[in-house]
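Visitor: The following block contains a protein sequence and its predicted model.
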Amino acid sequence: MSLQQALIPLFTHLLPLALFICMGLDVLIRNSKKTEHRLVSIITLCYSSLFLEEYVRQLLPISYSPALAALWFSNTGILIPGLGFHFTAKLTGMDKRMPRFLYPYVFYVPALFPLISIFGAEEIISTQRFVEIGMWKQPVYNTSYYIALIVSTLACLLYLFPLLKSRARAASAELKSLYTLTTWGVVVTALWIIAFGLFNYGSFMPPYPYIYCGLLWCFTLRLTMRRHDFLNFVDKRYEKLFHLNPAAIVLLDRSGAVRETNPAAEQLVGGMCEDREAFYSLMKTVVSEQMRDTREIKGYEATVHGASKRLDVLLDGDYIMVDNEPHIILIVRDVTAQREYQEEIRYLAYHDPLTRLPNRRYFYERLEPAVAEAKRRDGLMGIVLIDLDYFKDINDKYGHKAGDEALLHTSRLLREAVADRGLAARLGGDEFVLLLPEVASGEALEETIRRLRASVAASRLICEGQEIPIAMSIGASLYPQDGADGDALMHGADKAMYAVKRRSRNDYGMAGRQ
């Protein structure tokens, strides 16, 4: 035997043998409990057995070829159509409609024919004549050979009947795609058998070149099951739930690269920013530490800043195996609206909903600390109490919308009056208050009030084409002259304000002058 004769079979027979073993193990490892997985694994095992037999036969003298072909090659090859029928029955659901006494035994009736070869009638199912052509020990293409090949081709084409029938009745596009893919696999396999089995290529090809169709057929079976959840990892069976789930779901590998997203995730990202890659890069950064340490991701709160807005999300994740590689599947819940609602509730606990000024509760919580701070530094602080004059008349004459506008207008003026020197708050109704924690003197407090009144007089409030008059009665008190605590200061300012109302309105008064 030459070096060429020894090396070429390594590529023509052992390499396909290795491919079959890899495919078979891949199928079986994914789900060894499913009948479909077992059947595809056995089919690949049968094809690998054919290639092993041919490799062994080429190494032995030609006198061994008839026995090997009859007892090994033919007996193994005749099992493949039955296994294929069994798989097709499971794939199309035909097994559920078959009588229990027939299924699955009817598919393996042809396996009885190898017994004939053992008892002296070998020529019925295989040729027993071989000749050496070049480096190959080729079978003689006689009547027995052609009968066996034509029967195998017809058996392969019989798969089309349940597949086409099931394709026509398929209730979903997924099932129709499944049957279409498998149908094409059957057609291509049958054409290969015809092209490379019925014609003798002599020494240009190894013996029985049609058995290479097994690579196409087994690859088709594996691809069909991978795509349609028969052969893929467990969570792929829930692909439709993945796509229909209203929650955003993202599948990432361990490096953080996005492998798959459902429509809800695409919609969430599309509403967040135009650059999807940037968004997922931010998402990767958020959970990178948890992913690196394979830590559980449950109720993880994160904030992602996109090009157009901020997104508050709640992440739950788990680790799964995809193609024998660890991946993480994340459920991303947009809780931005909930967070904003909660923040609004917290905000409204201390702020007026109309004017957005601090409310009575917030003011009184700040009042005593301000008094204590003034006492600590031995300084002055001021309270300015403000009541809008004729506010009821504004509501009655111009409507409640005008009344709201008057309150909003007043709140803007009060914010400008204190700026960052103090606090403006709405106590309720048409009553406001200014807290000035640091006042240089009584004259400085009065100057603040005069500037406020000048600002009110200079600004015009127009509502629906009508000018709304704004007037204020103001009372002020000064710590420590007018009170040593918050209640005393508020009482003094209140008395001064009501003195103004009784006297003339639209003016101001100081507690120390009443």
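Guide: Looks like it arrived, so ask away.

Visitor: Show the pLDDT at the closest residue to Ser203 other than its chain neighbours.
Guide: What sits nearest to Ser203 in space, not counting adjacent residues and going by CB to CB, 6 or more residues apart in numbering, is Gly134, at 3.0 Å. Where you see a C-beta, it was placed from the backbone N, CA and C, and this is true even at glycine. The model reports Gly134 with a pLDDT of 85.

Visitor: what about Gly134, neighbour count?
Guide: For Gly134, the count of nearby residues is 10 (other CB atoms under 10 Å).

Visitor: Make 341 the starting number, not 1.
Guide: All right, first residue 341 from here; so that's Gly474.

Visitor: Output the below-cut-off pLDDT ranges for this structure.
Guide: 341-342, 453-467, 511-512, 567-580, 610-635, 645-649, 661-665, 853-854 (pLDDT under 70).

Visitor: Please enumerate the strands of it.
Guide: For the chain, the strands defined by DSSP state E cover 470-473, 476-479, 588-593, 598-601, 637-645, 650-662, 665-674, 720-728, 763-768, 771-779, 801-803, 806-808, 812-819, 848-850.

Visitor: Give the partner strands of the fourth one in its sheet and their orientations.
Guide: If you go by DSSP bridges, strand 598-601 pairs up with strand 588-593 (antiparallel).

Visitor: Go ahead and produce CSV holding the CA coordinates of the partner strand.
Guide: The C-alpha trace of strand 588-593 is given here as CSV (Å, rounded to 0.1, in the frame of the first residue of the first chain):
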residue,chain,number,x,y,z
ALA,A,588,-38.1,43.9,27.5
ILE,A,589,-35.8,40.8,27.3
VAL,A,590,-32.2,40.9,26.3
LEU,A,591,-29.8,38.0,25.8
LEU,A,592,-26.1,38.8,26.3
ASP,A,593,-23.0,36.7,26.3
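
Visitor: angle of it against strand 665-674?
Guide: 160 degrees (axes from the mean of the first three to the mean of the last three CA atoms, to 10 degrees).

Visitor: So which bits of strand 588-593 are buried?
Guide: For strand 588-593, burial by neighbour count (16 or more other CB atoms under 10 Å) applies to 588-592.

Visitor: Just give me the closest of those residues to Ser414.
Guide: Leu591 (46.8 Å; CB to CB).

Visitor: thinking the residue nearest to Ser543 is in contact with Tyr541, fair?
Guide: No: shown here, Gly474 and Tyr541 do not form a contact pair, counting by CB atoms under 8 Å, at 10.9 Å.

Visitor: ok, Arg766 to Arg755 distance?
Guide: Taking CB to CB, to the nearest Å as the measure, Arg766 falls 11 Å from Arg755.

Visitor: neighbour-wise, which of those two wins?
Guide: Taking neighbours as other CB under 10 Å, Arg766 and Arg755 compare with Arg766 leading, 26 against 14.

Visitor: Quick one: residues contacting that one.
Guide: Taking CB atoms under 8 Å, 6 or more residues apart in numbering, we find Arg766 in contact with 692, 694-695, 697-700, 747, 751, 772.

Visitor: Try it again at 6 Å.
Guide: Residues in contact with Arg766 (CB atoms under 6 Å, 6 or more residues apart in numbering) are 692, 695, 697, 772.

Visitor: give me the beta-bridge partners of it?
Guide: Phe772.

Visitor: is it true that Met434 touches Pro502?
Guide: Yes: contact status for Met434 versus Pro502: in contact at 5.1 Å, counting by CB atoms under 6 Å.

Visitor: In the stretch 441-590 of the chain, what residue spans correspond to helices?
Guide: 454-458, 483-498, 500-509, 513-537, 553-567, 579-584 (DSSP state H, counting those that start in this stretch).

Visitor: Kindly apply the preceding question to the stretch 741-854 of the chain instead.
Guide: 782-798, 826-843.

Visitor: and the gap between the nearest residue to Lys638 once chain neighbours are set aside and Ala588?
Guide: The shortest distance from Lys638 to any non-neighbouring residue, by CB to CB, 6+ apart, is to Asp656 (5.5 Å). The gap separating Asp656 from Ala588 is 11 Å, by CB to CB.

Visitor: residues contacting Asp729?
Guide: Counting by CB under 6 Å, 6+ apart, Asp729 touches 811, 813, 845-846.

Visitor: filter those to the buried ones?
Guide: Neighbour-count burial (16+ other CB under 10 Å) applied to those gives 811, 813, 846.

Visitor: distance of Ser506 from Ala513?
Guide: 14 Å.

Visitor: Neighbour count: those two, which is higher?
Guide: Neighbour totals were compared for Ser506 and Ala513, and Ser506 leads with 20 against 8 (other CB under 10 Å).

Visitor: OK, contacts around that one?
Guide: Contacts for Ser506 (CB under 6 Å, 6+ apart) come out as 432, 519.
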